[in-house]
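Asks: sequence unknown, structure follows:
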């Protein structure tokens, strides 16, 4: 069994589509269930707050209307728009929609999600006074740093304010970084206080690096996500994530149309698990920790 905290779409269905239909969402959830994924967080990424709110409300309504959808979608993960707009850190998120965090906008997104918000990914350095971080933590929402470049001091302050997770460590940052003073090293420094997520498809983080990251973060606090988009389980081709086209190549790498950034993943959790076993020689117990137990623990759920 698997539990995935970051799923933007699946089986040809884009969860960030403005016209996402219930039958499409049900079909995607059915295929997730067939792949032994017992729960996900449907992920809505950076866009205009109104557009994000409409997409969140659509997913929340589907969960109300359909038992299968509600059984698979155990909440939502709001990734953005309060992230770092600098090139590299912003990744494939639309820079024009990125904005500093503010409580009013955050409340609009929470209201639209109708109580389903489990994770909000933001940049601590873009949250003035850490007001949004503190507000979310008080409301029981897991606050995760991602697409960010806080100093060690800013990261420590965010942790004190309630930050407890790091989103897809090793990604959402530039290809070229200072060899010592960089966001990966800072996040790993605080790994006793943060649950660290990793995209384990072999494309986003090479397995040589992933082995090192898992050793530094500690298996007891690390977790794995697919960061799946609509291409997951569908092979090479052209797919959508919100307003942007994504090109999936023969290696199943998911590229923006200009081939400048990776955009989500085309992988499935069973494929990720096979690679964790084959490439890293992880035990079944360790894989269960990374793909089922720890993801739920990170958002306050108890696994069976």
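Replies: Everything's here; your move. What you see is a predicted model; the values in this text were computed from it and never measured. Numbering: from 1, shown residues only.
Asks: which parts of stretch 265-277 are buried?
Replies: Neighbour-count burial for stretch 265-277, counted by 16 or more other Cβ atoms under 10 Å, picks out 265-273, 275-276. For every residue, glycine as well, the C-beta is placed using N, CA and C.
Asks: let me see the mean pLDDT of that stretch.
Replies: What stretch 265-277 shows for mean pLDDT is 94.
Asks: hmm, residue 282 is touching residue 276, no?
Replies: Yes: the pair formed by residue 282 and residue 276 meets the contact definition of Cβ atoms under 8 Å, at 4.9 Å.
Asks: what is in contact with the two at once?
Replies: residue 290 (Cβ atoms under 8 Å, 6 or more residues apart in numbering).
Asks: count the residues that sit near the residue nearest to residue 94 when sequence neighbours are not counted.
Replies: In space, residue 94 comes closest to residue 46 once its chain neighbours are excluded; the distance is 6.0 Å by Cβ to Cβ, 6 or more residues apart in numbering. Using other Cβ atoms under 10 Å, residue 46 is surrounded by 28 other residues.
Asks: for residue 46, what are its contacts?
Replies: Contacts of residue 46 (Cβ under 8 Å, 6+ apart): 52, 79-81, 83, 93-94, 97-98.
Asks: what's near enough to touch residue 282?
Replies: Residue 282 neighbours (Cβ under 8 Å, 6+ apart): 276, 290.
Asks: gap between it and residue 24?
Replies: 34 Å (Cβ to Cβ, to the nearest Å).
Asks: and what of residue 213?
Replies: 35 Å.
Asks: same question for residue 303.
Replies: 28 Å.
Asks: between those two, which one's more packed in?
Replies: Comparing residue 303 with residue 24 by other Cβ under 10 Å, the one with more neighbours is residue 24, at 19 against 15.
Asks: pLDDT weak spots in the stretch 1-150 of the chain?
Replies: Under the criterion pLDDT under 70, no range of the stretch 1-150 of the chain is flagged.
Asks: which stretches of it form strands?
Replies: Using DSSP state E, counting those that start in this stretch, the strands of the stretch 1-150 of the chain run over residues 2-7, 9-10, 13-14, 37-45, 73-79, 117-122, 142-145.
Asks: how close does residue 300 sit to residue 191?
Replies: 19 Å.
Asks: ok, those two, which is more surrounded?
Replies: residue 191 (17 against 11).
Asks: before we move on, back to that, can you redo the buried residues of stretch 265-277 as CSV with distance to residue 237 and secondary structure?
Replies: Formatted as CSV, the buried residues of stretch 265-277 follow (distance: Cβ to Cβ, whole Å; DSSP: H, G, I helix; E, B strand; the rest coil):
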residue, distance to residue 237, secondary structure
265, 14, strand
266, 9, coil
267, 15, coil
268, 15, coil
269, 20, helix
270, 20, helix
271, 17, helix
272, 20, helix
273, 24, helix
275, 21, helix
276, 26, helix
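Asks: redo the residues you listed as TSV? Include distance to residue 169.
Replies: Shown next, in TSV, are the buried residues of stretch 265-277 (distance: Cβ to Cβ, whole Å):
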residue	distance to residue 169
265	15
266	20
267	17
268	21
269	18
270	23
271	20
272	16
273	19
275	18
276	16
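Asks: returning to that earlier point: got TSV for the strands of the stretch 1-150 of the chain, with mean neighbour count and distance to residue 30 too?
Replies: Listed next are the strands of the stretch 1-150 of the chain as TSV, based on neighbours: other Cβ atoms under 10 Å; distance: least, Cβ to Cβ, whole Å:
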stretch	mean neighbour count	distance to residue 30
strand 2-7	27	14
strand 9-10	28	10
strand 13-14	22	10
strand 37-45	26	11
strand 73-79	25	12
strand 117-122	26	22
strand 142-145	27	27
